[in-house]
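Novice: Whatever this is, show me its structure:
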Amino acid sequence: MTALSKDRLAGVVIAPHVSEKATRVATEGNQYVFRVRRDATKPEIRAAVEFLFEVKVDTVHVVNQPGKEKRFGRSLGRRQDWKKAYVRLQEGQQIEMGGSERA
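Specialist: Next up, the predicted model:
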């Protein structure tokens, strides 16, 4: 694998994706879901997660999400397509997402 710049690695992962399914796979399967750049490849996503969170990645699966059609008044618009990555970590690894605990 070629050496990737730290700037590129820092820009591959856009944000964690929060949904019911993402929460379920995080608790059950040691898997985390991220929104990533549309041009990101699996090796880039693996390297970026390992670089940003200092963990060891087991597998990466990607899903290309098509943008939804939305109505803006009378005109019909379209949201952007985006890419989602399911990242499974090796046993014993964990990412702290920094969520606040409720009392």
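Novice: any idea how far the residue nearest to the spatial centre of the chain lies from Lys84?
Specialist: By Cα atoms, centre = their mean, the chain has its centre lying nearest to Phe34, at 1.4 Å. Taking Cβ to Cβ, to the nearest Å as the measure, Phe34 and Lys84 are separated by 7 Å. Using the backbone N, CA and C atoms, a C-beta is placed for each residue, glycine as well.
Novice: anything in contact with each of these two?
Specialist: Common contacts of Phe34 and Lys84 (Cβ atoms under 8 Å, 6 or more residues apart in numbering): His17.
Novice: re the thing from before, can you report phi and psi for the residue nearest to the centre of the chain?
Specialist: Main-chain torsions, Phe34, degrees, to the nearest 10: phi -130, psi 150.
Novice: I'd assumed Val13 was in contact with it.
Specialist: Yes - in this structure, Phe34 is within contact of Val13 by Cβ atoms under 8 Å, at 5.0 Å.
Novice: Need the residue in the protein that's farthest from the chain's center.
Specialist: Here the chain reaches farthest from its C-alpha mean at Arg74, the gap being 33.9 Å by Cα atoms, centre = their mean.
Novice: Could you measure from that one over to Arg24?
Specialist: 39 Å.
Novice: ditto for Phe51
Specialist: Distance, Phe51 to Arg24, using Cβ to Cβ: 27 Å.
Novice: Compare the two (neighbour count), which wins?
Specialist: Phe51 (15 against 11; other Cβ atoms under 10 Å).
Novice: Verify the stated contact: that one with Ser5.
Specialist: No - under the criterion of Cβ under 8 Å, Phe51 is not in contact with Ser5, lying 10.6 Å apart.
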